[in-house]
Structure formats: C-alpha cells, structure tokens
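> Sequence plus the predicted model coming up.
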Amino acid sequence: MSLLFRAALRIVPSTWRDSVEEDLEAAARRAGRGELWRVWQAAVLGIRLRSAIQVDLVTSDFRYALRSLSHAPSFAAGAISTFALGIGVNIAVFAAVDHMLFKPLPYAAPSELIQFRVCGETGTCQGSFPSALFVDGRTTLTTIWPMAIAGSTSGYDVAPVVPDQPPVRLHGATPNLLSVLGVRPVLGRDITPEDAAAKANVALLSYETWQRRFGGTPDLQSLRLVQGPKTVKVIGILPRGFAPPSGVQQDADWDGLVMAGDAWTTPRGEGSIHPPLARLKPGASVDAARAEMTSLIAARSAELRQWNSRAQPRIQIDRLETSLYDRFLKYAWLIVGASALILVMACVNLSGLLLVRGRSRQGDAALRVALGATSGRLILTSVFETLVIAISGAAIALVVFAATSRLMIALLPPMFARYMADAANPRVLWLALVSATACAAVAGLWPGLVAARSDVRSQLGGVERRHTRVRGGRTMLALEAALGVVLVLGAVLFLASFVKLTSEELGVRPDGLFRVRNAYSSVQNPGAAGYEDVVQALSEIPGIAGIAGGDSVVGGGGVPMRGFSSDRSVRGGRYQVTAGYFSAIGNPLLAGREFTREEVSARAPVVVLDRTGATFMFPGDVPASVVGRTLNLPGEVPRTIIGVATDVRHRYGADLTPSIYVPLGAEMSRYSDMVARVDPTSMSATELRNRINQRLQTDKVVVAHVPELMEPGLRDPRFQAVLLGCLALAGLLLSAGGLYALAAFEVALRRQEIGVRMALGATAAQIRALMIRESVRPVLVGTAAGLLVAWWGSSVFQSLLYRLDARGPEIYSVGAVTLVLSAVLAAWIPARRAARTDPAVVLRSQ
Amino acid sequence: MPPLRDQPLLGEVELLVLMAVLRLDADAYAAPIRELIEREAGAELSRGTVYVTLERLEQKGYVASWFSDPIAIRGGKAKRLFQLKPAGLTALKAARAAVDRLAAGTLLERPAWRKG
C-alpha cells in the first residue's frame, strides 16, 4: 500500500477506515484502477463521512463561537469593524481594477489581438499613426489579418431632432472592426463589405445606449441619427458591456460605432490615423509581426520622415490588453498591493485581538482540554470564531460597498469608474467570501495553537503561572508596524509628489483666465489684422481686465514647434502673441518688457524669450543681461530680445522646452486662440461668452475657464495621493488600534507588578515611560524592517512620482516618525492608566 | 398497522440500504450492500452515498454496527457489519405500508391486464 493512499485513508474516520481500505483495494483490483483513483476515492469518502459524522460538532462549534462573541460585544464590534475595513477596501479596489488586471478583454481570443502605436524612447505613445503604414500594411503584412481602427468621436443628433438632447457620441470604425475583435451584434447586422463599397452611412449602437435612449426598441429601421446634412442608419446593436478599444481608452463616454472607413485609407504618407489594431493569424507571433512591420517601415522611410518631421517614427507593437491599460497598470497594481497590505494588517490585528482574548480565557481552554478536547478541536474553535467575525465583516463591507458605489464611481478616474463592478457581481461576491474565509483560517490559527498548548495542570490546579505577556503579541505588533510604515511611506511619497506637481510655477495664473476660441476653426482665421481688431473690440467689454491673442496659450491643443539648434535636434515652442499677452495670462516677466501694440502692428523684429530659451541660447547669463541682444535662429529674421518671460507650462508637470514669443504675424496658425482675464467672482463663463458673442454679433465663440482645462492633468495624481492617503490612514488606525488593545491588556495583567514597583518608590512618570517603552519597542523594530522593505521596493514607484526621489531620506523620516508617533499615542492611554495604579489597593487584594 | 405520523419517513436511498441490510443478514457490510442494490434494484449508488447513509441510519438508531473478526489472511481487516434494529424494521414496515396504502385501488396494486 502506497504512502499516498495511506495518507488519504487517514482522512477517513477510524470507524470506517478498514472497511474503506478493503473495499477500495478490492474494487481497484476488479476494475483495474490505478493508485491515483484509490487515493482520490479515499479522500472523497473521508471528507463525506467526516462531514456526515461531524455535522453536529461543526454546528456546536458555530454556536459556541456565536455565544462567546455575543458575550463580548465590544470585542466583537472591534474585530468585525476591523475586518469590514480590510475586506471593504479590497472589495472596492477589486471591483475597480478587475476589468483591467484580471478579466480578459471582452473580445474573442483577446491574446491574439495586437495594437500598433508610435512611441517615444521614454515609452510615452502618441495617439496618432502614419496612415501610409496602415494602408500598405493591410495588403502586405502576412502575419496578421487586415488591421482595423476605432477612434475619432463625433456627436450625432437623434432624428427627429429635439433641442437640448445630449448628442449620441459615435466612434468612427473601419468596416472590419467587429470581425477583427470577434464580436457579433446582438440584434441587427454587422457592417458588410457592400456597406463599405457603397460608403453607406451606417452605425451600430451600444446596448446600454439602445436601452437608455431608445427603450430597447426592436425596430431598428426607424432609428436615424443626423449630423448636419448627413443621415446615419442604425443597423445593429452591440453586445451588452462591449466597448471598442477606443471607448475603453478615452475618458469620455461613447454610445456606438459609425462606419468611417474611407477617410483613413488615403495612401498619403503625411496623413494620420488612430493607432490600428489587428488579429494575429494562427501560429504567428508578436515578434513575427514586429519583424514584418520593421521591413515595411524601411520601405516607406521617405514618407515616414515627412510624417514625423524628419525623424523615423518608432513603431511599437503590443498585445491589446497591454496597450490599452499600460498607463494605468502600474498604479492599478500599486493600489492592489496597498489594499492587500490593509487586509493582511486586519488579519494580524484580529489575530492579536484573539490572542489577548485567548489569554483571558485560558481557564476555559484548559477545561475543554481536560474534558477531552483535542488540540485540533481547539484550533477549529478559534478558526470558527474568526470565521464568524470575518463573514460578518465581509457582509458589512458588501453592504457599505453597495451603498457607496455610486459615490465611488463619481470619485474614481473614468478609467476605473466606467467598468466598475457592483456589489452583486459574482466575482466580487466570490472575492469577499474567499478572502474572508482565507483570512479567518490564517488569523484564527495562531490564537488556536496558543490555546491548544495551554497548560492544563497549572490552569486547573490552582498553581497559576503568572504570565504577564501575551504570547506572540510582540511579533504581531512588529509585523503590523512593518506593514503600516510601508503604507504610510507610500502615502507620503504620493502626497509629496502631488504637492510638488501643483506647487510648481506654471508661468500662468489660471484663476480668472478664460480661453476664448471660435467654435469653428475655419472662421477662426480672420487674418492677423482682423484678429487684432477683434482683440481691440473685446478689450472694451466691461469686466474684462485683460485680453490678448496668442498661439495655443494654455490648456491643450497642439504646440507650434521649431528647431532651436542649427541641426534642429533641440526643438522648442514658437508662439505668436499680441500686445498685453503676458499681463493677460499673468506671467511675471523676469526682465525687459512685452510687446507694444505698435510693435505688433508693424511686425517689428523683436522677440521675448522664456527662461529656458534664454538659458539655452545664452548659457550662464542672467535674464537682465540678455535683453537688448540679438537672437539669430535658423529660418528666422534676426530679432532684438526685448524681454525674458517666466517659463509657461501648458499643463501640470509638462516638461520645459526653450520657447520664443514673436509679435503676431500675418501667417496666422491653426494654433491661435485668445485669452481673457476676468474677475471670476463677478462674471461666469456663460456670461463672458454671451457678452463676447453679442459684441462680435455671432454665436460661434466658446469660452473655457483655464483651471477647468488644466484639471484633467491633476486627476490621476490627485486620485493616487488621496487613495494612498486613505489607505495609509486605515493602516495607521489598524496598527494603532492593535497596539492599544495589546497594551491595555498587558497593563491589566501587570497591575500587581506595577503596584509593587510603585510601592518600592517608582514615580508615575517612570511607570508611564516603562509601559510606553515596552509597547513601542516592537513597533520600532517593525518600522525599521518596513523601511528596509520599502527601500528595496521603492524603484517600482519611481516612474509614478513627479520629480521626486522615491528614496529621499526626508520622505522616509516623515513616514517613520508618523508611524512611531501614532504608536506612542496609542500606548499613552493605557500607560496613563497604569501610572494611576494605587499600590495600596493592588497589594491589599493579594 | 403503525401510525405513520410518529414515524419520520425514510428517504429512497435509506429505504434501499435498509432493505439490503435486511436481505444480506449476517453478511451486511458496505461493499455487498452496494452490490446488492446495484444488482437487484438497478440503482448505481456511489460508495460515499452508501457509507454516509449507513452512518446516518446508525445515528437514527435504525441499524447497529460492530466489527467482525479480522479476516483470516495476513493483514486482514475487520469489517464493519450492520444489522437491522427493531426501529429500523418498524421504519421499513411503515414505509412499505405507506406505499401500499397509497397504491390501493390503482394500477400498481392490480395491473389491468390481469383483470377478469
């Protein structure tokens, strides 16, 4: 008989063991079954018989756990809320990142899908792709099925048009998009090659939009969408929960797909399209596709140089799931890691609480041992107790999550919020159940082992050995401190990074600054003279403190670039601006002055440099000494420098490039905008817009408050900082709570010792110091260990931080001090109680 | 006839196992019980089901079990043998009676083709 079979037989209750063994061996001989079959059968039989026999024992254990918890309501409340916090954090995080990290993409065989992108050396990828490669690639690449594209959102109205209805936002898609993704419409049909050949205006709606806007009508024939003179027929409904890659990636919501094939297939090298995706043919690898693409790039190098302003674009090919989420993956994992730490801390905390409780119930445990309970039973009792706590905690967490998920969706960045799972999602329920059970098993094991080792004779024989420490308590404290300091460090790092990001000089005072833009860019180009007249006319509107025109001033859009060095390897901005531009945006000039109206009208050969530009062109000179010199740039007339401006960041965290500002020339560019400075308390954006439109007798001008334009750049960093801050706070609470419980209990155990010490002359201050010292020592050890771990792992965070050293000593000191201070505070209360011990009372009671 | 309402009804599997124990008499242990049910009743029960049912029946007091002497080979095992207790017999009779009473006057009791 093999060892394995013998081991499996141990599962079978002893009263059945021989019968089962004989039965299985005979059956195996008869039917020619192998060893594995016997082992499996024995294990299954063992488990079934045990659960049949021990069903009473299990229910009695449950009853016991419930009873003992109901006798200690404050302990139960503390333990359950600790656990609810731990599980709740994990449920919320899992619900938010599940679609990104764990669930496969909602397409057929998603691992075969790849995306082509143009990426820089630093790993940042562009949203555009040379259309030449797309057109050529469709016919020449043999490792993939023809590429598809989804992108460029545009708004359509529902026919008949009702005013003030939100538009239906459709993403343009090549006709083959759905077949590449392996998705079929749930109603109606896909776009056919005939549609493509006829350039038909056809669209597919998302299931959700179809339900919400059209009440799920089965009559698709009647649905028409219009955009100006164009009418689009709805031919199908996409499956529930489907989103095209472009819909997953973009922040805005989307309502469906519209066929837009022909616009992207013009074979001109300079055209840009959205990054295409494709499905690998059977047996083809990503590497093979990469090699093919490389040779294609070599063949079209001339057009591509033109496309990417002289440089060869770097094409990166990734699996679709990587390319969709790569911007978020790191910090999604960071959040998962942090929330897992919270759960581990909750487990450790619960374990500590149970140890404390077990210490006070040693007599109980000893009695059970004396009555014949095996150590397995005692451990099981402890695990059952934690199980009751954990399941209650998980239930509370689920209820709270269900109640607050709307709020969370509002607070989370769209990438996490849009596909967030709700509390009724089976995967979320499973996670709650599995993590609660696993934690209960882990957290209950140690206290159970300690209880099982309780010394019956000393407990029941009256010769009580005086333990004044909770066994294992110190280790728990150290462990919690180590986990806590990692969390606190993470929070401090991200908070510091966020503060750095927002406190950096923008070169623009965003409050009260509005971007004024013509809604239709074709009308935006009235010629420089007209433009100046417009600025002049608008400056007379009451309430406008300053107005000026300039290229792509703030809050997005393209930036006009030019070469700064003769080989054009260093590139920077070249902005055309009108008089009063710098005062309007609130840029403090470092030296010199800005353009006068005369200089702008005369297109005088003058220039304002920014600080980076000044430093680049005249290294080592202070701004004041640069003014008055002549600037010679390739392809530019010699210009006299009349001022040096503070560097402008067009968005938070933007890199600084050398820039020049020149008087608004005759060659108006597509980047031109206007900015207006207004007292934001006296005039709203709508009011400003109305006044400008009224003045210009048009309705085409739109205005946007610059802080709102810059806001999206802060969303992710702010979210990271707030989230890690919350997690760290939870971690601090847990570790402080655990320390408090343990310290308070030890004070109670050591009352006699303290009484003796005080009778012998110890002062209250000395007792307090003693108690705090002893509680905080394991925290110090744990903190040191946690700092080491954080140091070792900090390189992972580095890329998520904004110009901040993840190993900066000041960050580490702040983290360590915060944790130790919270520990001292938590130990202070019980220590004070200890110091108030009256020696006379204690000694008399002996 | 024993009143039914005092007697918890037997489950189908319980009924089969009890009958098998009754039939096998001195040889009633798990393996032959299972074989008998398969052969005579055509019901293929898993081992676990038979063992767990026997365990339950013993807990309910319908059968008693004891260990036989180890069989006379080297390393021979002691079988766990079962025997019907009076309560088990009562339960069997009650179950049988319940079926009979329900079947009275139906096709089951008097098949149509034997009529006349």
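Structure's in. What do you need? Numbers count the residues shown, from 1 in each chain, chains lettered A, B, ... in the order given.
> which parts of chain B sit against chain A?
Proximity of chain B to chain A is assessed by C-beta under 8 Å from any C-beta of the partner chain, with B:29-31, B:47-48, B:51-52, B:55-56, B:65, B:67, B:77-80 identified as the residues in range. Bear in mind the C-beta positions are built from the backbone N, C-alpha and C, glycine included.
> confidence score at residue 61?
Since no chain was named, I'll use chain A. Per-residue confidence (pLDDT) for A:Asp61: 76.
> if you could check chain B rather than the one you did, that'd help
Per-residue confidence at B:Gly61 stands at 90 (pLDDT).
> Got a ChimeraX select line for the buried ones in the residues of chain B next to chain A?
In ChimeraX, a selection of the buried entries from the residues of chain B next to chain A looks like this (16 or more other C-beta atoms under 10 Å in any protein chain shown):
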select /B:29,30,31,47,48,51,52,55,56,65,77,79,80
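> residue ranges of the helices in the stretch 651-800 of chain A, please?
For the stretch 651-800 of chain A, applying DSSP state H, counting those that start in this stretch gives helices covering A:685-696, A:706-710, A:712-749, A:751-759, A:764-798.
> closest to A:Leu3 out of these?
With C-beta to C-beta, the closest approach to A:Leu3 among the helices of the stretch 651-800 of chain A belongs to helix A:764-798: 39.5 Å.
> So for the closest one, what gets flagged as buried?
Neighbour-count burial for helix A:764-798, with 16+ other C-beta under 10 Å as criterion, is recorded at A:767-768, A:770-772, A:774-776, A:778-783, A:785-787, A:790, A:794, A:797.
> May I have the secondary structure class of B:Ser65?
Per DSSP: H, G, I helix; E, B strand; the rest coil, the local secondary structure of B:Ser65 is strand.
> So in terms of bridging, what pairs with it?
With DSSP bridges applied, the residues forming beta bridges to B:Ser65 are B:Phe82.
> Tell me the pLDDT of the residue sitting nearest the centre point of chain B.
Among the residues of chain B, the one closest to the centroid is B:Leu18, at 1.4 Å (C-alpha atoms, centre = their mean). pLDDT, the model's per-residue confidence, is 93 for B:Leu18.
> show me the contacts for it.
Under the criterion of C-beta atoms under 8 Å, 6 or more residues apart in numbering or on different chains, the contact partners of B:Leu18 comprise B:Leu10, B:Leu57, B:Tyr62, B:Val63, B:Leu84, B:Gly88, B:Ala91, B:Leu92.
> if you set the cut-off to 7 Å instead, what comes out?
Listed by C-beta atoms under 7 Å, 6 or more residues apart in numbering or on different chains, the contact set of B:Leu18 reads B:Leu10, B:Leu57, B:Tyr62, B:Leu84, B:Gly88, B:Leu92.
> just checking, B:Asp69 is part of a helix?
No - when the secondary structure is assigned by three-state DSSP, B:Asp69 falls in coil instead of a helix.
> Could I get the contacting residues of the spatially closest residue to it that is not a sequence neighbour?
Residue nearest to B:Asp69 in three dimensions, not counting chain neighbours: B:Ala78, with 6.7 Å by C-beta to C-beta, 6 or more residues apart in numbering or on different chains. Residues in contact with B:Ala78 (C-beta under 7 Å, 6+ apart) are A:Asp18, B:Phe67, B:Ser68, B:Asp69, B:Pro70.
> Mind telling me what element whichever residue of the stretch 401-550 of chain A sits closest to chain B is part of?
The nearest approach of the stretch 401-550 of chain A to chain B comes at A:Thr437, 23.8 Å away (C-beta to the nearest C-beta). Secondary structure from DSSP states H and E places A:Thr437 in helix A:426-452.
> Mind giving me the packing neighbours of that helix?
Contacts defined by 3 or more C-beta pairs under 7 Å, 6 or more residues apart in numbering or on different chains; DSSP states H and E place helix A:426-452 against helix A:73-97, helix A:320-360, helix A:375-411.
> what's whichever helix or strand comes after the shortest one packed up against?
Next in sequence after helix A:73-97, counting helices and strands by DSSP H and E, comes strand A:113-118. With contacts defined as 3+ C-beta pairs under 7 Å, 6+ apart, strand A:113-118 has these neighbours: strand A:129-130, strand A:277-279, strand A:315-319, helix A:320-360.
> if you average pLDDT over each of these, which comes out lowest?
Comparing the helices and strands packed on strand A:113-118 by mean pLDDT, the weakest confidence falls on strand A:129-130, with a mean of 80.
> between the helix or strand just after it and strand A:315-319, how big is the angle?
On the C-terminal side of strand A:129-130, the nearest following helix or strand under DSSP H and E is helix A:131-140. Comparing the axes of helix A:131-140 and strand A:315-319 via axes from the mean of the first three to the mean of the last three C-alpha atoms, to 10 degrees yields an angle of 60 degrees.
> quick one: buried residues of the top helix by length along chain B?
The single longest helix within chain B, with elements called by DSSP state H, is helix B:86-103. For helix B:86-103, the buried set under the neighbour-count rule, 16+ other C-beta under 10 Å, comprises B:Gly88, B:Ala91, B:Leu92, B:Ala94, B:Ala95.
> Also stretch A:99-109?
By neighbour count, with 16+ other C-beta under 10 Å as the criterion, the buried positions of stretch A:99-109 are A:His99, A:Met100, A:Leu101, A:Leu105, A:Pro106, A:Tyr107.
> same thing with stretch A:125-142?
A:125, A:128-138, A:141.
> what's the answer for stretch A:433-450, then?
Within stretch A:433-450, the residues that qualify as buried are A:433, A:435-437, A:439-450, counting by 16+ other C-beta under 10 Å.
> same question, stretch A:746-764
Of all the residues in stretch A:746-764, those buried under the rule 16+ other C-beta under 10 Å are A:Glu746, A:Val747, A:Leu749, A:Arg750, A:Arg751, A:Gln752, A:Ile754, A:Gly755, A:Arg757, A:Met758, A:Ala762.
> what's the first-to-last distance across that stretch?
Distance between the boundary residues of stretch A:746-764 (C-alpha to C-alpha, to the nearest Å) amounts to 17 Å.
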